[in-house]
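Student: Provided below for reference: sequence and predicted model.
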Amino acid sequence: MSAIKQVFNEAVERVKSPTPVRLRDLVRNIRAARTAAEERAVVNKECAYIRSTFKEEDSIWRCRNLAKLLYIHMLGYPAHFGQLECLKLIASPRFTDKRIGYLGAMLLLDERTDVHLLITNSLKNDLNSSVQFIVGLALCTLGAIASPEMSRDLAPEVEKLLKSSNAYIKKKAALCAFRIISKVPDLMEIFIPATRSLLSEKNHGVLITGVILVTEMCEKSPDTLQHFKRTGGKVGSDDMVLVPNLVRILKNLIMSGYSPEHDVSGVSDPFLQVKILRLLRLLGHNDAESSEAMNDILAQVATNTEQSKNVGYSILYETVMTIMHIQSESGLRVLAINILGRFLLKDDKNIRYVALNTLLKCVHHDNYAVQRHRGTILECLKDPDISIRRRAMELCFALLNASNIRSMVKELLTFLEAADPDFKGPCSSNIVLAAEKYAPDKQWLINTLLRVLGAAGNNIRDDVIAITIQLISENSDHQMYVVKNLWLAMSNYSEQEPLVQVSLWCFGEYAENVLAPSDDTQEQVTEEELLTFYQRILFGQYSIATKEYALNSLMKLSARCSLTNINKVKELMSSFACHMHIELQQRGVEFSQLFRFHDHLRGPLFEKIPILEKSTSSTRETSSPVTEKASEEVSLPIQIESNALLDLMGGMETGHEDIVLPKPKATIPTINSKPMNNDIMDLLGGLGSAPEEPPQSSLIEDFALITNSQPLGKISGITAFSKDSLSIHFNFERSPEKPNILSIKMTATNEGPIPMTDFLFQAAVPKTFQLEMLNPSGNVIPPSNSDVAQLKMRIKVSYKVNNEDVMHQAEVNHFPPASWQ
Amino acid sequence: MMQFMLLFSRQGKIRLQKWYAAFPDKVKKKIMRELTTLILSRQSKMCSFLEWKDLKIVYKRYASLHFCCAIEQDDNELLYLEIIHRYVELLDKYFGSVCELDIIFNFEKAYFILDELLIGGEIQETSKKSILKALAAQDLLQEEEAIEGALRDIGLV
């Protein structure tokens, strides 16, 4: 037959001239092009030719030309000018033309193109064709490119075809309906009756598309879900209710013998099984009765499915997901977790990946069951595949608890040492967080932190440094030990900046411990060695931040210990007075001046920093004595008594702390990225604690944006602080005549049973703003949420526009009584 | 639901692209460029899944050709690996031990086969036999038209 066809074709081509290049030859020519430029030349020539033929009407080569254009399109060249040709081919009565035309439509058009009106008509005609394959083409195209308008126009046609007796058309119509519903959920109604009967079919194509359609309907509309649960099939017949019906189909699949048509390596139609399991998951979710009805079959699938090939795993995987998602029996859940545990031992890396991923999803519900596979999970940390290692690491952190912290952290530290650079940041932070939370004792914790710093090298997140310094400052018993250890570490790890920074901070802060005689055999550190160390840091290849640490540390050292070679320190300082980097230069100048003119102040200025208070999730106050010093210029502490000084900035940040990982920025000596100021006190403030540190620039901008662009806009209030039973809300208001002034009404509420007395609220803002606070309504908050304290305010705001200072102030004491009574 | 499927060679040349969700042309090109380089740079010992933006990428190499599809978060990646395999089996049966050149020179057939397996990113038929039967019937329809046309042209009909 094909030989005859070829002879005829060639005869025809000889007669007709000139004939266009055949697709085959075009492909060959393009492949023969040796350079990209050559290829472009061939393609451009052909495109120009195709374009010219498209202008002629009734070309008998339209089909061939469009096919060539589609090939060119796939290579990445523009082919939009073929869109209308597709439509012409679709309208042709020949099947060959239609086939290529619809293919072109699917490739060149999508739901956003506006030739739709034209194609909708052709589709409508073809959906009513008597040739099943033409209907099939139209349905397939509709399923690929249906836009909301097309969906509306053609939904009745599709619904009619859904009731066809031809399975070939029926299954395609079902997926078309699926597409239509996902585009326009409103159209669901008309498909529901026809969909019901799909699930009683024998043909697997119709069954699977039916299941997919029902799944989509149930996902889109909870009402439909309920509807299907009650009357799945024909009303009245009991076995046609959806859940038992699906269970029956699934049972037939796993129990019936070998059927060659649907068998995939010994498993009967895995595609259908997976889709049914997925629908069951949807039906059993939060529904005890339905869950009960599917427990048995899930157990059967879980135990009977062959575990050797990917198909089997895909079904087991889906079964596990369904078991974990519905209200299944506890035994079944353990079975599911154990299946995943077995997955972890398989050679196939895909299976291990999927298992880890799924365990990660259910670890929070069934932590105990997952714990049993901890050993296997830890093994996965050594997997050669990076994605598997990443999952395993995440899972390990989810499994950490007080009882396994020692052994797990040991493994994780080994992992951290060998891990890829991009793992080290998150891994080290997570180890530190977990270690802090579950540490069995302080000594262990400090050792762990120091090991993390050593192992993670330079890929560590800033919070680890902060947490470590915080911890060292809290535990005065261990400071000597830490300092000695750090000194030893510096001889091995001195290229790891985070460790160097922590060391520098400690050497400065606990200077006397460095030079103190050792109690054991460790070598005694001499002043000479120490100064050489500083010199090495200051003139070595270290980052600016590290050098900043070093300068401050050296100053503290000079104030704490009576150094014999103080001139060396002065020399180092003055050599920085002309450093290229402005921050370092400033420090150099300031510290040199301190030596020269205010030497008597040096001791008091570099007093020991009091124990840093935490600003992590456990304690949210951003409080530190140094804040008082800093706040003199920026805030007006008005009221008396409180155990926490809440600065306005800090307050805004802490309002979100329930969800965000703590950023202990506010308590560590933040030296870098502080704006310059010639006031030495300010610098010291920065050294000690930094609540007045410039806030995230976005926040400032937010303020500026508010003040500039929407003067009368309503701003929704925030919860600035919430701890124990105290919660503080900020409501924002702006007087229309002075849009630059934002009045913030602070409402403190006591939700506990006991009254709070001596309540004090203090605030500070960045220097770009000015803040004034009015007296609060009282300093006692009665319990139980009944009364609120009202705050009147006078607000002064100043900012810069084009480098011009703008300052405004106003009093806001006209809050309507209704708002606070 | 599958968002798109790509076939590409070891050199990163696209051999087939099927989009079930609408993306602007620029975005399509960017996606293809990103994914081909990403997948080609993966070592063979790595697993077949990638998390990419909010999608999951499932890919597998058959001889010189990479098959890659993008699925949604709650889709079963193992099953889509099986769907890719089913498509390869169909290509193999249809062309008779398929090779990359078959797909290059008959790319439209490769699309026709895919369209009998999937519609709108979901699987429509789980029986290989039915799919091959439908394809053969459609090819026959085309042949008959060709013969009829040829006969008409030389004046026999």
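Tutor: Alright, I've got the coordinates. Numbering: from 1, shown residues only, chains lettered A, B, ... in the order given.

Student: report the central residue of chain B.
Tutor: residue B:114 (5.3 Å; CA atoms, centre = their mean).

Student: what's the helix or strand for it?
Tutor: helix B:107-117 (DSSP states H and E).

Student: kindly report the same for residue B:18.
Tutor: Residue-wise, residue B:18 maps onto strand B:14-19 under DSSP H and E.

Student: alpha carbons of the helix or strand that that strand is followed by, as PDB, please.
Tutor: Downstream of strand B:14-19, the first helix or strand assigned by DSSP H and E is helix B:25-40. Coordinates of each C-alpha in helix B:25-40 appear next as PDB, following Å, rounded to 0.1, in the frame of the first residue of the first chain:
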ATOM      1  CA  ASP B  25       6.800  32.800  24.400                       C
ATOM      2  CA  LYS B  26       9.600  34.600  26.200                       C
ATOM      3  CA  VAL B  27       9.000  32.600  29.400                       C
ATOM      4  CA  LYS B  28       8.900  29.400  27.400                       C
ATOM      5  CA  LYS B  29      12.300  30.000  25.900                       C
ATOM      6  CA  LYS B  30      13.700  30.900  29.300                       C
ATOM      7  CA  ILE B  31      12.300  27.800  30.900                       C
ATOM      8  CA  MET B  32      13.700  25.600  28.100                       C
ATOM      9  CA  ARG B  33      17.100  27.200  28.400                       C
ATOM     10  CA  GLU B  34      17.200  26.900  32.200                       C
ATOM     11  CA  LEU B  35      15.900  23.400  32.400                       C
ATOM     12  CA  THR B  36      18.100  22.000  29.600                       C
ATOM     13  CA  THR B  37      21.300  23.300  31.200                       C
ATOM     14  CA  LEU B  38      20.100  22.300  34.700                       C
ATOM     15  CA  ILE B  39      19.300  18.700  33.700                       C
ATOM     16  CA  LEU B  40      22.300  18.300  31.400                       C
END
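
Student: buried stuff in helix B:25-40?
Tutor: B:28, B:31-32, B:35-36, B:39 (16 or more other CB atoms under 10 Å in any protein chain shown). From N, CA and C alone the C-beta is placed, and that goes for glycine too.

Student: so which of the residues you listed is the closest to chain A?
Tutor: Nearest to chain A among the buried residues of helix B:25-40, counting by CB to the nearest CB, is residue B:32 at 8.0 Å.

Student: next one: residue A:238, what pLDDT does it get?
Tutor: Predicted confidence (pLDDT) for residue A:238: 48.

Student: still on that earlier bit, wait, does the strand holding residue B:18 contact chain A?
Tutor: Yes - using CB under 8 Å from any CB of the partner chain, strand B:14-19 reaches chain A at B:14-19.

Student: quick revisit: any chance of the buried residues of helix B:25-40 in JSON lines, with distance to chain A too?
Tutor: Shown next, in JSON lines, are these (distance: CB to the nearest CB, whole Å):
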{"residue": "B:28", "distance to chain A": "9"}
{"residue": "B:31", "distance to chain A": "12"}
{"residue": "B:32", "distance to chain A": "8"}
{"residue": "B:35", "distance to chain A": "14"}
{"residue": "B:36", "distance to chain A": "11"}
{"residue": "B:39", "distance to chain A": "13"}
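
Student: what's the next helix or strand after the helix holding residue B:114 packed up against?
Tutor: Of the helices and strands lying after helix B:107-117 in sequence (DSSP H and E), the nearest is strand B:118-119. With contacts taken as 3 or more CB pairs under 8 Å, 6 or more residues apart in numbering or on different chains; DSSP states H and E, strand B:118-119 sits against helix A:132-145, helix A:167-183.

Student: out of those, the one nearest residue A:255 is which?
Tutor: helix A:167-183 (23.6 Å; CB to CB).

Student: give the buried residues for that closest one.
Tutor: A:167-183.

Student: what's near enough to touch the closest residue to chain B within the stretch 201-350 of chain A?
Tutor: Closest approach between the stretch 201-350 of chain A and chain B, counting by CB to the nearest CB: residue A:314, at 3.5 Å. For residue A:314, the contact set (CB atoms under 8 Å, 6 or more residues apart in numbering or on different chains) comprises A:270, A:274, B:76, B:78-79, B:81-82.

Student: quick one: pLDDT of the residue nearest to it when sequence neighbours are not counted?
Tutor: Spatial nearest neighbour of residue A:314, excluding adjacent residues (CB to CB, 6 or more residues apart in numbering or on different chains): residue B:78 at 3.5 Å. Model confidence at residue B:78, given as pLDDT, is 94.

Student: chain center to stretch B:25-35, what's the gap?
Tutor: Centroid separation between stretch B:25-35 and its chain, computed with CA atoms, centre = their mean, to the nearest Å, is 17 Å.

Student: one step back: just the C-alpha atoms of the strand or helix carrying the residue of the stretch 201-350 of chain A closest to chain B, please, in CSV.
Tutor: For residue A:314, the host element (DSSP H and E) is helix A:310-325. Output in CSV follows, covering the C-alpha atoms of helix A:310-325 (Å, rounded to 0.1, in the frame of the first residue of the first chain):
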residue,chain,number,x,y,z
ASN,A,310,9.1,1.7,40.1
VAL,A,311,5.5,1.0,39.3
GLY,A,312,5.1,-0.8,42.6
TYR,A,313,6.7,2.0,44.5
SER,A,314,4.6,4.6,42.8
ILE,A,315,1.4,2.9,44.1
LEU,A,316,2.9,2.4,47.6
TYR,A,317,3.9,6.0,47.7
GLU,A,318,0.4,7.1,46.8
THR,A,319,-1.0,4.7,49.3
VAL,A,320,1.2,6.1,52.1
MET,A,321,0.1,9.6,51.2
THR,A,322,-3.5,8.6,51.3
ILE,A,323,-3.1,6.8,54.7
MET,A,324,-1.4,9.9,56.2
HIS,A,325,-4.0,12.2,54.9
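
Student: using the three-state scheme, assign residue A:744.
Tutor: strand (DSSP: H, G, I helix; E, B strand; the rest coil).

Student: which helix in chain B runs the most residues?
Tutor: Secondary structure of chain B per DSSP state H: the longest helix is helix B:128-153.

Student: could you check the angle helix A:132-145 makes with that helix?
Tutor: 110 degrees (axes from the mean of the first three to the mean of the last three CA atoms, to 10 degrees).

Student: can you map out the helices along the stretch 151-300 of chain A?
Tutor: A:167-183, A:188-198, A:204-220, A:222-230, A:242-255, A:270-284, A:288-304 (DSSP state H, counting those that start in this stretch).

Student: which strands and helices sit next to the helix or strand of chain B with the lowest mean pLDDT?
Tutor: In chain B, no helix or strand scores lower on mean pLDDT, DSSP states H and E than strand B:49-52, which sits at a mean of 89. Where contact means 3+ CB pairs under 8 Å, 6+ apart, strand B:49-52 is packed against helix A:349-362, helix A:386-399, helix B:25-40, strand B:55-62.

Student: at 10 Å what do you get?
Tutor: helix A:349-362, helix A:386-399, helix B:25-40, strand B:55-62, strand B:65-71, helix B:77-95 (3 or more CB pairs under 10 Å, 6 or more residues apart in numbering or on different chains; DSSP states H and E).

Student: CSV please, covering those and showing distance to residue A:331.
Tutor: As requested, the helices and strands packed on strand B:49-52 are exported to CSV (distance: least, CB to CB, whole Å):
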stretch, distance to residue A:331
helix A:349-362, 15
helix A:386-399, 22
helix B:25-40, 41
strand B:55-62, 31
strand B:65-71, 32
helix B:77-95, 25
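
Student: of the ones you listed, which is nearest residue B:146?
Tutor: helix B:77-95 (18.8 Å).

Student: if we can go back for a sec, show me what counts as buried in the least confident helix or strand of chain B.
Tutor: Buried residues in strand B:49-52 (16+ other CB under 10 Å): B:49-50.
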